[in-house]
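A.B. asks: quick check, what structure comes out for this input:
(4 chains)
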Number of protein chains: 2
Amino acid sequence: MKYPNLYKAFNKHIDLPIDVYIDLEDRLIHKKLDKKEFLFREGEVVKYLPFINDGLMINYIVDEDGEEHVIQIRGTGLWLGDLYSFFSDLRTRFNIQTCQPTELLMINHETFDYITKNHPVYEKFFRLNIQEAYVQTLNRIYNLHSATAEERYLELIKNIPDLLDKIPHYLIASYLNIKPQSLSRIRKSHK
Amino acid sequence: MKYPNLYKAFNKHIDLPIDVYIDLEDRLIHKKLDKKEFLFREGEVVKYLPFINDGLMINYIVDEDGEEHVIQIRGTGLWLGDLYSFFSDLRTRFNIQTCQPTELLMINHETFDYITKNHPVYEKFFRLNIQEAYVQTLNRIYNLHSATAEERYLELIKNIPDLLDKIPHYLIASYLNIKPQSLSRIRKSHK
DNA sequence: GTATTTCATTCACCTATGTTAATAGGAACG
DNA sequence: CGTTCCTATTAACATAGGTGAATGAAATAC
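C.D. replies: Next comes the predicted model:
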């Protein structure tokens, strides 16, 4: 087994026989990105389902004023791409970029069709995987509604304690929906 | 065909042969709710996939202070439930309530298993349906990040012009993540 | 190794939205 | 039919977070 992180990610949702896993593993596209490299950018059609085997990435949208809004931050063991663009063949609105050197495992359309056709358990996995992502974003909306910036900050560093060392503070601020100056202010009051 | 709204909803994503549709239609659970009735509440395990055949509903979460936060507002022709609770058998965090007399068509587990097993096209539909819902919530997060309360209000009434007549303003305010007083203020400045 | 850019922090000031309280209209209820 | 509750609105004041500018530190480039 070359990628135990991936195997573990599958088994979080489904019971995956090892040979069914290996059948996929041999078809994966392995990709290494440096820090600050893009996996894809707004306007492209996404051709892969990317799994973060090791690293850290963000998903952001640029508004009319050119300002970046970080929508997601995801690291090792998680998927981060644009399912919608992948399955619909429409252009994505998202920019997916690494925050550190990152190693990806990617499934293209041919492989997706092959594994779901030959191993229906993968179909179930992807449905469950989307559902989980969907619920996470509903919770994020709730969080944006019910918690103050300070509470969101404290919760974030509780969940990912080393995040502050791993990515620039201005990206964390954007994710929290505040300005870097406000993040500084909050951090100051917690020293 | 008893429920053309439902048939249309399916055909937005997939090509559904009429007999495959009818096979489902005969198994649907039909339910009528009055204004302000609950479909389900926090703590319950959701046993159905509900389709709004006619009406209007909200999804809200109650925080520790007892305050309601409206996460979704959805009407005729859309699905609104808790996929996660339905598929995982875990208790939901959501409260789903009608804003007006509402007519629902519901799929229970038995029916879901039957139709996906006998007509794989339904499996595809539900995957696409979740994907669409997922993308909508990502856009909602972006909207909360990039637009002011005033912009969010104007966009909302542009999309659903008669919403103000259909549901109490305090629920719209909650959905926009502002207080009713602020909504009044914004509305006043647009008269 | 120096120059240049990028990032984090601080401060003074500003603004959008929250908070509290008062009022009034309408719906629901006996 | 009057009473009670619920909702919407307004106003005065409070505050979280935004804005713009200045500074220094750190990363990157040359």
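A.B. asks: tell me, how many residues neighbour the closest residue to DNA strand C within chain A?
C.D. replies: Nearest residue of chain A to DNA strand C (CB to the nearest atom of the strand) works out as A:H169 at 3.3 Å. Every residue, glycine included, has its C-beta placed from N, CA and C. Neighbour count for A:H169, taken as other CB atoms under 10 Å in any protein chain shown: 13.
A.B. asks: also A:Q97?
C.D. replies: 21.
A.B. asks: distance of it from B:S146?
C.D. replies: Noted for A:Q97: a distance of 18 Å to B:S146, by CB to CB, to the nearest Å.
A.B. asks: phi and psi next, for the nearest residue to A:G43 once chain neighbours are set aside.
C.D. replies: Once flanking residues are discounted, A:G43 sits nearest to A:R91: 5.2 Å by CB to CB, 6 or more residues apart in numbering or on different chains. For A:R91, the backbone dihedrals (degrees, to the nearest 10) come out as phi -70, psi 140.
A.B. asks: show the model's pLDDT score for A:R91.
C.D. replies: Here, the pLDDT recorded for A:R91 equals 97.
A.B. asks: please list all residues in contact with it.
C.D. replies: For A:R91, the contact set (CB atoms under 8 Å, 6 or more residues apart in numbering or on different chains) comprises A:42-45, A:85.
A.B. asks: what ranges do the strands span in chain A?
C.D. replies: A:29-33, A:38-40, A:48-54, A:56-62, A:68-75, A:95-98, A:102-108 (DSSP state E).
A.B. asks: how about the residues of chain A near chain B?
C.D. replies: A:61, A:63, A:67, A:69, A:71-72, A:83-84, A:87, A:93, A:123, A:126-128, A:130-135, A:137-142, A:144-146, A:174, A:177 (CB under 8 Å from any CB of the partner chain).
A.B. asks: circling back: okay if I get the strands of chain A as TSV plus mean pLDDT?
C.D. replies: Shown next, in TSV, are these (pLDDT from 0 to 100):
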stretch	mean pLDDT
strand A:29-33	95
strand A:38-40	95
strand A:48-54	97
strand A:56-62	95
strand A:68-75	95
strand A:95-98	95
strand A:102-108	97
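A.B. asks: okay, those strands in TSV with distance to A:H119 next?
C.D. replies: TSV is the format used below for the strands of chain A (distance: least, CB to CB, whole Å):
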stretch	distance to A:H119
strand A:29-33	18
strand A:38-40	26
strand A:48-54	15
strand A:56-62	27
strand A:68-75	25
strand A:95-98	27
strand A:102-108	13
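A.B. asks: return the distance of the residue nearest to A:G43 relative to A:V70.
C.D. replies: 20 Å.
A.B. asks: flag every residue of chain A that's near DNA strand D.
C.D. replies: Selection of chain A residues close to DNA strand D by CB under 7 Å from any atom of the strand yields A:35, A:148-150, A:177-179, A:181-182, A:186.
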